[in-house]
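Peer 1: After the sequence you'll find the predicted model.
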Amino acid sequence: MSTVYNIHQVFARFFKDEHLEPYLFELSRMLEEGHICLDPQSADLDGLKEAGYDDLPGVEAIASSPLVSDGRAHTPFILLGDRLYMQRYYYYESLILDRIRGFIDAEGGKLQQRLTDLLRLQPDIAALFPGSELTNGKVEWQWMAAITTVLHDFSIITGGPGTGKTTTVAKVLSLLLQLNHKLRIALCAPTGKAAARMAESLRAAGKNSAPFIREAFEGLQPATIHRLLGTIHSSPEFKHNRLQPLDVDVVIVDEASMIDVALMAKLMDAVGEETKLILLGDKDQLASVEAGSLFGDLCKALPTLNGFSERFLQEIAPLLPAGSVLHEASDGTDSPHLLFEHIVELQFSHRFSDGKGIGKFSKAILNNQPELIQEFFGNQDDQVKIDTKYDTAVFDHFVRGYKEFIEQPDILSALQKLNNLRVLCAVREGAFGVDQVNARIERLLRQKAGLKPFEPFYQNRPIMVTSNNSQLNLFNGDIGIIREDEQGVMRAWFEAADGSLKSVLPGFVGKVETAFAMTIHKSQGSEFKDVLIMLPQNEQATKMMTRELLYTAVTRARSQVIIQGSEAAILTAAAVGIHRGSGVIGRLRANP
Ligand SMILES: Nc1ncnc2c1ncn2[C@@H]1O[C@H](COP(=O)(O)OP(=O)(O)OP(=O)(O)O)[C@@H](O)[C@H]1O
């Protein structure tokens with residue numbers, strides 16, 4: 001039996017309930033894989049046998065254990081229908097669902113007033129969404145997303161890369177600012193980079209707005225979720241919570257698919273009753289590294305996205321610019337589902353074409369369309385290149401692109417150039433894992449760009465922070481470079497959220513990794529002009545590839561993506577979707 005199995009066994013045995021023990025073993029294993037609960041009926045019998053649990057007691061053994069309740073008693077485990085939870089995860093999931101219900105229940109009494117307010121802004125809405133745009137069928141969902149988000153206290157806007165999530169939020173904020181010039185806005189994301197990127201796009205979007213809107217956008221202070229909530233030294237809790245909610249009018253959360261269930265619960269707990277919460281993300285991307293796939297689950301919970309009731313459509317019709325109509329929103333579906341009319345999916349990418357390149361390839365992966373994916377194997381596409389031979393010349397040519405940042409004397413420009421390209425690895429170990437690929441790049445750049453990687457913090461080492469350090473305002477996922485300052489002291493340099501440069505002595509940064517190559521998981525929330533994706537060659541590792549992993553990697557690129565990997569690995573990945581056990585979908589359906 002492996003050590004990993006032992007950890008789960010130690011956990012399972014701790015509770016001294018021999019009937020429950022195999023289920024606790026399985027639950028612990030599932031949590032490690034990112035599920036937040038276990039369906040006892042689908043326990044992995046082979047895995048249990050391997051761990052020495054030959055006889056699995058009937059599932060009734062779970063309900064009859066004094067360690068288990070239905071959530072009304074304070075027990076370490078909760079059995080809800082056919083899902084077994086550790087109490088902590090049941091609590092997080094329940095808190096999230098309660099908070100969403102709280103937001104949506106409270107909206108009811110405010111809708112009429114908000115509609116009246118919006119009617120006053122009809123000319124502004126028309127200016128934000130010129131009628132011609134509304135009639136071409138491409139902006140309709142952006143308009144719907146903006147209007148529903150202004151009307152509601154809880155909203156989700158989902159969409160693939162370049163579908164206009166940030167553009168839409170800029171319009172939402174413009175409208176909210178017209179209604180309240182003193183609107184207090186909190187802008188956050190799981191990583192500092194993602195938060196800064198959104199603030200940057202918002203500032204750009206606000207450039208041609210009225211001065212008070214432009215000023216509000218310029219004054220935005222993006223933060224990681226941890227920083228926004230206020231970390232407490234050596235504690236998993238935050239300064240802001242239900243008793244001390246965030247003192248703002250609207251909280252915008254970008255890259256919400258990266259948020260695990262625990263952090264999402266703490267975030268929602270800290271958003272007060274008078275505050276609006278807007279979650280943005282791509283429901284098709286990889287789920288959080290930690291447990292749960294909450295954002296995806298909330299989007300999947302609604303049987304059909306972008307459905308609106310006839311009543312709602314009639315209410316908002318006067319807000320449409322004269323002469324324009326909504327094409328697709330008017331199928332008039334109605335549903336008692338809690339999230340109905342609260343999630344809008346933006347469907348048209350303004351960055352990628354559906355008919356070629358990254359747009360077509362990423363959609364073919366998402367929809368698992370082997371015949372469309374195979375069209376790219378001929379390498380006729382300008383944006384997507386597939387190198388099944390792992391050609392060293394292709395790798396070397398891509399890596400030589402890093403010379404640009406190494407040779408750039410200005411540190412801020414060097415940081416920006418570094419973010420033009422990135423090698424992304426599907427796995428950590430092996431010849432195509434991130435550690436060995438980073439070492440290979442270092443060797444190559446030693447020859448080609450004079451890199452001297454002989455000590456931990458060498459000149460021009462790109463680093464990625466892998467822990468949070470709120471005192472230094474450095475967070476997991478932040479990318480920096482090591483360079484000497486004018487006094488010859490080696491420092492780690494980062495681009496601050498406001499676009500300025502900040503530096504720290506490397507020893508203070510905390511845990512870091514070399515970032516010429518990074519894992520696809522760690523690349524979430526970032527974008528690069530060019531991306532080289534390295535898929536593992538061995539069969540075992542290939543089996544770990546999933547649709548979400550490949551889709552996330554491909555959509556990190558703005559201009560070009562090269563994949564070094566076999567056709568089989570690409571097709572296998574597209575065929576396998578991730579499923580993470582959670583009760584979100586079932587609980588929302590059972591209790592609309
Ligand atoms: N309705 C529109 N008409 C024209 N251009 C648009 C429209 N909506 C968005 N764009 C443009 O498309 C690009 C991507 O938009 P935006 O950044 O808002 O998308 P996003 O969904 O937030 O992207 P990401 O996934 O990268 O965060 C921007 O250049 C933006 O100006």
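Peer 2: Done, it's in. These numbers were taken from a predicted model, which means no experiment stands behind them.
Peer 1: Could you tell me the model confidence score at residue 452?
Peer 2: Note for residue 452: predicted pLDDT of 92.
Peer 1: List the contacts of residue 479.
Peer 2: Shown in contact with residue 479 (C-beta atoms under 8 Å, 6 or more residues apart in numbering): 193, 415, 418, 419, 462, 463, 464, 465, 494, 515, 526. Yep, even glycine has a C-beta here, placed from its N, CA and C like the rest.
Peer 1: no wait, residue 440
Peer 2: With C-beta under 8 Å, 6+ apart as the criterion, the residues that contact residue 440 are residue 395.
Peer 1: Could you say which helix or strand holds it?
Peer 2: Assigned by DSSP states H and E, residue 440 falls within helix 434-449.
Peer 1: List the buried residues in that helix.
Peer 2: Within helix 434-449, the residues scored as buried using 16 or more other C-beta atoms under 10 Å are 434, 436, 437, 438, 440, 441, 442, 444, 445, 449.
Peer 1: ok so, going back, from the contacts of residue 479, pick the one nearest residue 281.
Peer 2: Checking these against residue 281 by C-beta to C-beta gives residue 526 as the nearest, at 14.2 Å.
Peer 1: so what's that closest one up against?
Peer 2: Contacts of residue 526 by C-beta under 8 Å, 6+ apart are 191, 193, 194, 197, 419, 422, 477, 479, 556.
Peer 1: got it, and residue 508?
Peer 2: Each residue near residue 508 by C-beta under 8 Å, 6+ apart is listed here: 469, 472.
Peer 1: where does it land on pLDDT?
Peer 2: 90.
Peer 1: distance of it from the ligand?
Peer 2: 31 Å (C-beta to the nearest ligand atom, to the nearest Å).
Peer 1: neighbouring contacts of the helix or strand that the helix holding residue 440 is followed by?
Peer 2: Using DSSP H and E, the helix or strand that follows helix 434-449 in sequence is strand 462-465. By C-beta under 8 Å, 6+ apart, the residues outside strand 462-465 that reach it are 405, 418, 474-482, 492, 509-516, 518, 522.
Peer 1: If any of these are buried, give me the ChimeraX selection for them.
Peer 2: Buried residues within these, by 16+ other C-beta under 10 Å, are selected in ChimeraX with:
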select :405,418,474,475,476,477,478,479,480,481,482,492,509,512,513,514,515,516,518,522
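Peer 1: Report the contact partners of the closest residue to residue 566 other than its chain neighbours.
Peer 2: Closest residue in space to residue 566, ignoring its immediate chain neighbours: residue 388 at 5.5 Å, by C-beta to C-beta, 6 or more residues apart in numbering. By C-beta under 8 Å, 6+ apart, residue 388 lies in contact with 377, 565, 566, 567.
Peer 1: close enough to count as contact, residue 154 and residue 343?
Peer 2: No: between residue 154 and residue 343 there is no contact under C-beta atoms under 8 Å: 9.7 Å.
Peer 1: Just the buried positions in stretch 455-473, please.
Peer 2: Using 16+ other C-beta under 10 Å as the test for burial, stretch 455-473 gives 457, 460, 461, 462, 463, 464, 465, 466, 468, 469, 472, 473.
Peer 1: Next, format those as a markdown table and append distance to the ligand and pLDDT.
Peer 2: Output for those, formatted as a markdown table (distance: C-beta to the nearest ligand atom, whole Å; pLDDT from 0 to 100):
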| residue | distance to the ligand | pLDDT |
| --- | --- | --- |
| 457 | 32 | 93 |
| 460 | 28 | 96 |
| 461 | 28 | 97 |
| 462 | 22 | 97 |
| 463 | 24 | 96 |
| 464 | 20 | 94 |
| 465 | 21 | 91 |
| 466 | 23 | 87 |
| 468 | 23 | 73 |
| 469 | 26 | 76 |
| 472 | 26 | 81 |
| 473 | 23 | 77 |
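Peer 1: in which helix or strand would I find whichever residue of the stretch 301-450 of the chain sits closest to the ligand?
Peer 2: Closest contact between the stretch 301-450 of the chain and the ligand, by C-beta to the nearest ligand atom, is at residue 350 (3.1 Å). For residue 350, there is no host helix or strand (DSSP H and E).
Peer 1: Now do it: how many residues are near it, please.
Peer 2: Per other C-beta atoms under 10 Å, the neighbour tally for residue 350 reads 13.
Peer 1: Could you do residue 97 as well?
Peer 2: Per other C-beta under 10 Å, the neighbour tally for residue 97 reads 20.
Peer 1: these two touch, right, it and residue 584?
Peer 2: Yes: taking contacts as C-beta under 8 Å, residue 97 lies within contact range of residue 584: 7.1 Å.
Peer 1: Now stretch 564-583: average pLDDT?
Peer 2: Averaged across stretch 564-583, the pLDDT comes to 86.
Peer 1: circling back to that earlier point, report the buried members of the contacts of residue 388.
Peer 2: With burial judged by 16+ other C-beta under 10 Å, the buried subset of the contacts of residue 388 is 565, 566.
Peer 1: The contacts of residue 388 into TSV, with extra columns for secondary structure?
Peer 2: Shown next, in TSV, are the contacts of residue 388 (DSSP: H, G, I helix; E, B strand; the rest coil):
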residue	secondary structure
377	helix
565	coil
566	coil
567	helix
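Peer 1: which among the contacts of residue 388 gets closest to residue 86?
Peer 2: residue 565 (37.0 Å).
Peer 1: what about residue 345, is that helix, strand or coil?
Peer 2: Once three-state DSSP is applied, residue 345 turns out strand.
Peer 1: Give the burial count for it, as a bare number.
Peer 2: Per other C-beta under 10 Å, the neighbour tally for residue 345 reads 20.
Peer 1: Then residue 183?
Peer 2: When neighbours are counted by other C-beta under 10 Å, residue 183 registers 16.
Peer 1: quick check, it in a helix?
Peer 2: No: using three-state DSSP, the assignment for residue 183 is coil, not a helix.
Peer 1: For it, give me its contacts.
Peer 2: Counting by C-beta under 8 Å, 6+ apart, residue 183 has contacts 173, 176, 177, 216, 249, 250.
Peer 1: Next, format the residues you listed as TSV and append neighbour count, pLDDT and distance to residue 264.
Peer 2: Below are those laid out as TSV (neighbours: other C-beta atoms under 10 Å; pLDDT from 0 to 100; distance: C-beta to C-beta, whole Å):
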residue	neighbour count	pLDDT	distance to residue 264
173	27	96	22
176	20	96	23
177	21	96	27
216	22	93	27
249	17	97	20
250	23	97	17
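Peer 1: tell me which of those is nearest to residue 66?
Peer 2: Of all the contacts of residue 183, the one with the least separation from residue 66 (C-beta to C-beta) is residue 250, at 45.5 Å.
Peer 1: Look up the residues forming beta bridges with the closest one.
Peer 2: For residue 250, the beta-bridge partners are residue 185, residue 276 (DSSP bridges).
Peer 1: Mind telling me what element residue 162 is part of?
Peer 2: Going by DSSP H and E, residue 162 is not part of any helix or strand.
Peer 1: any idea how far residue 281 is from the residue lying closest to it once chain neighbours are set aside?
Peer 2: Using C-beta to C-beta, 6+ apart and skipping residues adjacent in sequence, the residue nearest residue 162 is residue 351, 2.6 Å away. As judged by C-beta to C-beta, to the nearest Å, residue 351 and residue 281 stand 16 Å apart.
Peer 1: Backbone dihedrals for residue 238, both of them.
Peer 2: Note on residue 238: backbone dihedrals following degrees, to the nearest 10 are phi -120, psi 160.
Peer 1: Oh, that last question was meant for residue 268, not what I typed.
Peer 2: phi -60, psi -30.
Peer 1: hang on, it packs against residue 100?
Peer 2: Yes: using C-beta under 8 Å, residue 268 makes contact with residue 100 at a distance of 7.4 Å.
Peer 1: after the particular helix or strand that has residue 373 in it, next one along is what?
Peer 2: Per DSSP H and E: residue 373 is located in helix 370-375. For helix 370-375, the following helix or strand on the C-terminal side (DSSP H and E) is strand 384-387.
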